[in-house]
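Chemist: Need coordinates for the below:
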Amino acid sequence: MKILIGTAGIPGSAEERSTPAGIRRVKELGLQSMEVEFVRGVNMKPGLAREAGKVASELGIRLSVHAPYYINLCNPEKAKDSQKRIIDSCYRGHLMGSEVIVFHPGYYGSLEKEEAFDMVGEACREMADVIEENEWKVKLGLESTGKVSQFGTVDEILGICKRNKLCIPVIDWAHLFAKYQGKLDFKSILSKVISAGYDRLHTHFSNIDFTEKGERRHLTLESKQPDFKDVAKIVLKSSLKEINIISESPDIEGDALVMKGVFEKLGHKF
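Modeler: Residues are numbered from 1 along each chain as shown. A predicted model of the protein is given here:
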């Protein structure tokens, strides 16, 4: 099994706040991946995206992209603007050599869950058409979400992915832990995703604080909500061929290194 551990964004210890510098720092830390964060908007110039991709390729760092948070494919008034933000992210991801473009699909709002599912499915179909027309080498990564009001259960995401070959599931373990109030069978979730045909996964991990409404805020791994060691054991016993785990902890590189250390103590060699 190939395991990659990385950071959600530029490590805080990077010499400068630029994507190429962040990639270089990830390499120096002994990590294997980095997720480029466009959470407040897609402002990266194409030239910088190409430069970042070149640096990542030279250093052997796997890149992914997180599209802006301001996305709601379940709202007819916001869906088109949301699609544009995702497509803009896809273009930069293509230039960087990133395969996975991660996004939160949206909120149910006044829609029935079946209606929300259909809206997300149609939006993904339209975006996939754009990706194919431009011959971009990217996939739409639908992320499992952390609030009860959000579209994004594992079943919903797998249902969309079954419809569309350019869609893949992105499993955020913390979000699911919060969504299900700390009662989550990690082994069952992983088995369900693998059974759906995915033996290479892009995932997020941190600890998390939650209320009855779901996700509240991310926490460092020392809180053990959930305990990363338990998840690592399940991953190592699975039939996965590859997993990329992006740290979304408040201490992104510190906890990424903690996760790497946990795998090493369990016998995995990076």
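
Chemist: Next one: the most far-flung residue of the chain relative to its centre from residue 44, what distance?
Modeler: Residue farthest from the centre of the chain, counting by C-alpha atoms, centre = their mean, is residue 110 at 26.5 Å. Residue 110 sits 35 Å away from residue 44, going by C-beta to C-beta, to the nearest Å. All C-beta spots, glycine's among them, are computed from the backbone N, C-alpha and C.

Chemist: hey, where'd the strands end up in the stretch 101-250 of the chain?
Modeler: 106-107, 139-143, 150-151, 167-172, 200-205, 207-211, 214-219, 242-247 (DSSP state E, counting those that start in this stretch).

Chemist: mind putting those in TSV, distance to residue 185 included?
Modeler: TSV is the format used below for the strands of the stretch 101-250 of the chain (distance: least, C-beta to C-beta, whole Å):
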stretch	distance to residue 185
strand 106-107	26
strand 139-143	19
strand 150-151	20
strand 167-172	13
strand 200-205	16
strand 207-211	17
strand 214-219	18
strand 242-247	18
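
Chemist: which residues touch residue 32?
Modeler: Contact partners of residue 32, counting by C-beta atoms under 8 Å, 6 or more residues apart in numbering, are 4, 5, 6, 26, 60, 61, 62, 244, 270.

Chemist: Kindly report the same for residue 216.
Modeler: Residue 216 touches 178, 208, 209, 210, counting by C-beta under 8 Å, 6+ apart.

Chemist: rerun at 7 Å
Modeler: 209, 210 (C-beta atoms under 7 Å, 6 or more residues apart in numbering).

Chemist: Tell me the pLDDT of it.
Modeler: Looking at residue 216, its pLDDT stands at 95.

Chemist: Repeat that for residue 47.
Modeler: 97.

Chemist: got the angle between the helix or strand where residue 86 lies and strand 139-143?
Modeler: Secondary structure from DSSP states H and E places residue 86 in helix 79-96. On the basis of axes from the mean of the first three to the mean of the last three C-alpha atoms, to 10 degrees, helix 79-96 is oriented at 120 degrees to strand 139-143.

Chemist: Tell me where the stretch 101-250 of the chain has helices.
Modeler: Ranges of helices in the stretch 101-250 of the chain, per DSSP state H, counting those that start in this stretch, are 113-134, 154-163, 173-179, 186-195, 228-237.

Chemist: Distance to residue 92, mean neighbour count and mean pLDDT for those helices - can I get that in a markdown table?
Modeler: Shown next, in a markdown table, are the helices of the stretch 101-250 of the chain (distance: least, C-beta to C-beta, whole Å; neighbours: other C-beta atoms under 10 Å; pLDDT from 0 to 100):
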| stretch | distance to residue 92 | mean neighbour count | mean pLDDT |
| --- | --- | --- | --- |
| helix 113-134 | 13 | 16 | 97 |
| helix 154-163 | 22 | 18 | 97 |
| helix 173-179 | 24 | 24 | 95 |
| helix 186-195 | 27 | 16 | 96 |
| helix 228-237 | 29 | 17 | 96 |
